[in-house]
Structures are given as structure tokens and as C-alpha cells.
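Asker: below are the sequence and a predicted model for it; my questions follow.
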Amino acid sequence: RRRKWSDMIKKLEKFHRKYGHSFVTSEHDEPELLEWTKLLRNNYRHQVRQNFHHQQVNDKTDNTISNNSRKRHFLSEEKLDALRQINFVWDVQQFLWLRRFDELCMFRAKYGHTDVPIDCSEFPKLGVWLSNQKREYRSLIKEQKRTHDTEKNADNSNGSNTRRSTSLTPGRLEALLSVVDVTRWAEKTHTSVWQKRYGELCDFYDSYGHSNVPQDYSQNFALGQWVMNQRTEYKRYLAGRTTCLDIERIEMLTKVEFCWDSQVYKWYSQLERLKAYQREHGHVNISKKDDENYDLRLWVIRQRQQYNKLLRLQKILEETDELPSLSGKLSPMTHERIKALEEVPEFEWSNSRSYSSPMEGPTNEEWAELFEKIREKGKDAQPLPKKNRFEDDIEKEWTDEEDLMQLWNMEDEDE
């Protein structure tokens, strides 16, 4: 339905008197006026473009312009004057930018600085806007550097590709410089965040004697995530890819005995869980009925198996000068890990319960019964690597049937 100009301009003038501006949004509950102002901007944009094109071709396309113009109701000079009197908003983005800038000036006048928090209740949209301006300023600096490098390269083209990659115009930059020291924006905030997290890691190291912060560290979740990210960044560094880590930061992390290997980190995370369990319960004999710590129980069993495997390998090496042919992986158990486990109160390498001798293992009949139950569960017990794994690993410690089933289904990992 065609709206009459006289009716709509009166509504807009009334809106201007009420709100002090002519920018209608969905928040004002004026749907008809909102759609009309959008139509005005759209038609005016086409009007400006066609007038510019008309000047460019020196009246050669008058007929084409006239035909296209019939589909749009272009504004006369009289209507444009009426809109200018109420400061009609033609450029929405510029209007919103100036509104946020005014809020920044009010914030600075009230608090004496421009460090606006993201969740500022007084100016809800100002924090995000200011963060965007910082990003745009850094993009502007990068663009200027690329332009400078291009001009220095004589082999490049004549600078035809000069499209701006930032919305921070010279006018906006000048306005920001009047209230903010934007030069400090050139340094990415990642630098200050990294230093902050590193300081928190040093405090953790001073308190606990290590830097193995759990990924889900309840007292400082952000620190746990940051530590995990440093391991990822270190892999990128070794691969020669872009990363926030440099040799200086790597040396800083090494000073607090940072664990770069994720598998080593997982091992020491489980060790910390075992220590916590011992402090709470006074022992490390985790019951198979303890669902919350059942994975820790299997981990403890696995450490004893790897320890026994290490002893067998050492014995073989003592008895022969030749390196034996070994199927599968060598034991990941190291002297450092042995020492760490032995420092846990109540921990013992042998935890035999079902047999009188720690060297006594399951009989052939018991093995056959176990494999039959495995087949009933749809598992294939025939492949030799699985069978050899049990024959190699469980020699000095025979656990109950349920533990064996769990170990059978575990992934073949060192840890």
C-alpha cells in the first residue's frame, strides 16, 4: 500500500521531536515508519548512483536512466530539504558509530579513563564497540605496513589494489585520538593476557611444585585452558607454523618445568588424582565399585604392569649382550615415574589378592574361561597381539575378571 508523503513526513517529524533524532529502529514499535525510512534510504542511494553515472557518461544514457527511474520514487529537492531539517539519517553505520563515540566521551568524562568493560551496564553496547575499534586500528596499521612494503617493491604493480581493509576512516581516527591514546592499541591484547596467565602459572608452580594444571582446574578454569593451548602452540612452533610462542616464551615456560608432551601431562594428571585419593581415603586400594575413580583404578593396575614389564626387560638385557626381539612397545615406565609413584604413601608395586604368591598367575583353564566370555561379548580373542599383551603384562599381578575385561577393551596407549 502506497504511503502518502505528507502523512509519513508528519509522523517522522513527530518522532524527531520525541526522541531527538530521526533514526527509527525496531525498538521504537513503529513498523510502518521503520519500513518507510528504509525505503527512503534505498531509493536515495539509487538516486545518487544514477546521478553520478549520468555525469560520467555525459548524457549518453539518458533514456536508460529514465526507464529505470520509473520504478523508483526519487526525492525532489523540496523533500530532501524537509528531511535535512530533521537531520534524517542517511548513513546508518556512521550514525551508530557517532552514537557509540558520544557514549565513550561520556564514560571518559565520568570515570576519567576509557577502559570500558565488555559488560558495562551503563552503556551496554560500548564495550564491544570499543573492542571492535581496537581491532580496526590494528588492521589499519597492518594495511599501512603492506602498502609501504608494496611501494618499496619495484616489481609489483602500480598500486592498483588499494582497497581498504578497515572501517576506521581518517575522520573516525581523528575523533578517537581526541579522547583515547590509540597507539597502545597497536600491541595485541594477547600479549598482556599471556603475561597474566603466565603469572598465574608461576603462582600455581610456587604452591604445588609443578606446572601440570588440570584442564578443568576448578579454581582457575581459564588457566587450565591456557596451559592446554600452550602445548598446541608449541606443536605449531615446532612445525614452523604461525604461533604466539617464541623462544623467549618457551624459555619462560621451561623455567617452571612446563610439560610440553600431552601424554606426559595425562600421566602426571592421573598421578595427582591418585595423591588426592590417598589424602582423602588414607590408601590407594581403589574399589572396583567406585565408579567415579574406576578409570584411576585401571591406571594404577597399568602402572604395575608396566613396572613388571620394565623389570623383565632389564633382566633380559642383563642375561644377554644382544638386544632381544620384542613385539609391541617398550615399557613407558621411567625411573622418574617410578620415583614419583613410590613417593605416594601406601603405594606398592605388588597388590596380589587372589593368589598366595605374587608370581602365581591364572591357569590355562582360567584363561580359556575368560576368552570364552570375551567371545560371548562379541570380541575376537584370536589376534596374537592381544593375547601376547595379557601374557606379557599380567604375570606378577592377577586381577579379577572384570578388570581384565576392562583392560582388554582399553585403547592400546602408553598411558
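Answerer: In hand now; what should we look at?

Asker: which other helices and strands does the helix or strand where Gly171 lies contact?
Answerer: Using DSSP states H and E, Gly171 maps to helix 170-177. Other helices and strands packing on helix 170-177, by 3 or more CB pairs under 8 Å, 6 or more residues apart in numbering; DSSP states H and E, are helix 92-111, helix 126-152. Yep, even glycine has a C-beta here, placed from its N, CA and C like the rest.

Asker: so where is the stretch 51-200 of the chain shaky, pLDDT-wise?
Answerer: For the stretch 51-200 of the chain, residues meeting the criterion pLDDT under 70 lie at 51-73, 149, 151-165, 186-191.

Asker: can you do 90?
Answerer: 51-96, 99, 111-121, 124-125, 127-128, 130-174, 177-197 (pLDDT under 90).

Asker: one more: the stretch 251-400 of the chain?
Answerer: For the stretch 251-400 of the chain (pLDDT under 90), the answer is 257-273, 284-295, 302, 305-337, 339-340, 346, 348-400.

Asker: who's in contact with stretch 214-234?
Answerer: If you take CB atoms under 8 Å, 6 or more residues apart in numbering as the criterion, stretch 214-234 is touched by 197, 200-201, 204, 211, 213, 243-245, 250, 253, 258-262, 265, 269, 272.

Asker: are any of those residues buried, and which?
Answerer: 197, 200-201, 204, 211, 213, 243, 245, 250, 253, 258-259, 265, 269 (16 or more other CB atoms under 10 Å).

Asker: and stretch 278-291, end to end?
Answerer: Separation of the first and last residues of stretch 278-291 by CA to CA, to the nearest Å is 17 Å.

Asker: how about the strands of the stretch 251-400 of the chain, start to end?
Answerer: Read by DSSP state E, counting those that start in this stretch, the stretch 251-400 of the chain holds no strands at all.

Asker: just put the helices and strands packed on helix 170-177 in CSV and tack on distance to Arg337.
Answerer: Below are these laid out as CSV (distance: least, CB to CB, whole Å):
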stretch, distance to Arg337
helix 92-111, 54
helix 126-152, 45
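
Asker: just tell me which of these ends up closest to Leu40.
Answerer: Nearest of these to Leu40, taken as CB to CB: helix 92-111 at 11.8 Å.

Asker: now the angle between helix 170-177 and that closest one, please.
Answerer: 10 degrees (axes from the mean of the first three to the mean of the last three CA atoms, to 10 degrees).

Asker: contacts for helix 92-111?
Answerer: 21, 23, 41, 89, 114, 116, 120, 122-123, 125-126, 129-130, 167, 172, 175-176, 179-180.

Asker: filter those down to the buried ones and hand me the PyMOL line.
Answerer: Listed next is the PyMOL selection for buried residues among the contacts of helix 92-111, using 16+ other CB under 10 Å:
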select buried, resi 23+89+114+116+123+126+129+130+172+175+176+180
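
Asker: give the contact list for Arg41.
Answerer: Trp90, Val92.

Asker: in stretch 10-30, which residues are buried?
Answerer: Lys11, Leu12, Phe15, His16, Ser22, Phe23, Val24, Glu30.

Asker: ok, which pair from the residues you listed is furthest apart?
Answerer: Lys11 and Phe23 (14.1 Å).

Asker: what's the spacing between the closest residue to Glu30 other than its chain neighbours and Phe15?
Answerer: Closest residue to Glu30 apart from its sequence neighbours, by CB to CB, 6 or more residues apart in numbering: Val24 at 5.6 Å. Distance, Val24 to Phe15, using CB to CB, to the nearest Å: 6 Å.

Asker: kindly export the host helix or strand of Glu248 (C-alpha atoms) in CSV.
Answerer: Using DSSP H and E, Glu248 falls within helix 247-255. Provided in CSV are the C-alpha atoms of helix 247-255 (Å, rounded to 0.1, in the frame of the first residue of the first chain):
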residue,chain,number,x,y,z
ILE,A,247,61.9,-18.7,22.0
GLU,A,248,61.6,-16.2,24.9
ARG,A,249,58.2,-17.5,26.0
ILE,A,250,59.3,-21.1,25.6
GLU,A,251,62.3,-20.4,27.9
MET,A,252,59.9,-18.7,30.4
LEU,A,253,57.7,-21.8,30.5
THR,A,254,60.6,-24.1,30.8
LYS,A,255,61.7,-22.3,34.0
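
Asker: show me what the strand or helix carrying Leu201 is packed against.
Answerer: Here Leu201 sits within helix 189-208, counting by DSSP H and E. Packing partners of helix 189-208 (3+ CB pairs under 8 Å, 6+ apart): helix 221-238, helix 247-255.

Asker: most tightly packed of those helices?
Answerer: Among those, judged by mean count of other CB atoms under 10 Å, the one packed with the most neighbours on average is helix 221-238 (a mean of 16).

Asker: from the chain's centroid, how far away is it?
Answerer: 10 Å (CA atoms, centre = their mean, to the nearest Å).

Asker: averaged pLDDT, that helix. What do you get?
Answerer: For helix 221-238, mean pLDDT is 88.

Asker: now do the same contact list for Glu30.
Answerer: When the contact criterion is CB under 8 Å, 6+ apart, the partners of Glu30 are Lys11, Phe15, Val24.

Asker: among these, name the ones in helices.
Answerer: Lys11, Phe15 (DSSP state H).

Asker: which of the contacts of Glu30 lies closest to Val48?
Answerer: Using CB to CB, the contacts of Glu30 come closest to Val48 at Val24, 21.0 Å.

Asker: isn't the closest one right next to Leu33, touching?
Answerer: Yes: using CB atoms under 8 Å, Val24 makes contact with Leu33 at a distance of 5.2 Å.
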